[in-house]
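# 3D model of this:
(3 chains)
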Amino acid sequence: MRLGGVPFNLDVTLCCGQVFRWDKVGDWWYGVVGDCVFKIRRFDDELEFVKSDAELVRHYFGLDDDLHRISSIIGRDAQIKKALQRFWGLRIIRQDPWECLISYICATYKNIPAIKYMLDNLSRKFGQKVVFDGLEFFTFPEPAKLARASVSSLAECGLGYRAKYVFETSKRIFEGSFELEPLRQLPYEQAKKELYTLPGVGFKVADCVLLFSLGKLEAFPVDVWVKRVLLNHYAGKLPKELVKKISKPEGLSNVEYRLLNEFGRNYFGEYAGYAQEYLYHSERVHG
DNA sequence: CGTGGGCCTGTCTA
DNA sequence: ATAGACAGGCCCA
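Residues are numbered from 1 along each chain as shown, chains lettered A, B, ... in the order given. Here you go, the predicted structure:
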């Protein structure tokens, strides 16, 4: 598929920590999307892939998001402009909401390698094996599989205290007492409120699920890295009291989270989520 | 309604 | 090598 000048940086998009189940073998990226293995690489202006059609690829990687327009809207200061330039072509992937939800419930209080480890274990144990190119892949387990698993078998995947959250949330999804897809139709605030009712889902997890899988590009997840960005580069735009409070090493209180989250959404606007990803990645790579 | 302590366990760092 | 700190927060008192 020719990109025809559409900005897209495959490596940064897959490395920046929004998805956890992609691996690079040689110069090909492999990832399981739904029940099919994607194999994809970038070569000049060409996006080469195997086992998937162009429309699916375009949709999954959000290539129809107008990055130039987004950039002109969020590019409000030197800091974000620098990040946009450095990682130009970074896209927000449209993940499956179910997989995204479980992934970010697992992600609390863990670093990225550990998150990968947990999700890999879950998929090996409860997903379906798919062999492709002589390599083994596993689909992400269906809600039914996790809802019928025991908490201890989930914990064996390295989930620790998250095992019971994953179990209880899976049960709610499996039983149909909670539906993810309809949240797309709700306004951001309302969808977020619904997500809070799930065990293991707080402010941060809800924002990640909304941004990475439910199309709410105005969501602005605040984690320790985003807190650092705001502290290091946006302190002048924040209330002094708030800056003082978040300067302490501990995590954010609910109030502090909400204030930083609102700042991001008000300041960057309808595509605040894109700003968050560029700033987040920039802070992680360069400090 | 706001706040603080506890938490499973895999990496990272010294 | 091996212990101790830290990790993309959330829940409960």
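# per-residue confidence for residue A:287?
We have a pLDDT of 69 for residue A:287.
# Ok, residue A:248 next?
85.
# Where does the prediction get shaky in the stretch 101-250 of chain A?
Counting by pLDDT under 70, the stretch 101-250 of chain A shows no low-confidence range.
# can you pull out the helices in it?
Here the stretch 101-250 of chain A has its helices, by DSSP state H, counting those that start in this stretch, at A:112-126, A:143-147, A:151-154, A:162-175, A:188-196, A:203-213, A:224-233, A:240-246.
# what's the neighbour count on residue A:244?
For residue A:244, the count of nearby residues is 11 (other Cβ atoms under 10 Å). Heads up, the C-betas are built off the backbone N, CA and C, glycines and all.
# That one and DNA strand C, how far apart?
For residue A:244, the distance to DNA strand C equals 20 Å [Cβ to the nearest atom of the strand, to the nearest Å].
# if I look at that residue, how far off is residue A:93?
Per Cβ to Cβ, to the nearest Å, residue A:244 is found 36 Å from residue A:93.
# do residue A:226 as well
Taking Cβ to Cβ, one finds residue A:226 at 18 Å from residue A:93.
# what does whichever strand or helix holds residue A:84 contact?
Counting by DSSP states H and E, the element that carries residue A:84 is helix A:78-86. Applying Cβ atoms under 8 Å, 6 or more residues apart in numbering, the contact partners of helix A:78-86 are A:71, A:74, A:75, A:229, A:233, A:234, A:268, A:275, A:278, A:279, A:281, A:282.
# What about the closest residue to the fifth one other than its chain neighbours, how many residues nearby?
Nearest in space to residue A:233, with sequence neighbours left out and distances taken as Cβ to Cβ, 6 or more residues apart in numbering, is residue A:79 at 4.5 Å. By the measure other Cβ under 10 Å, the count of residues near residue A:79 is 18.
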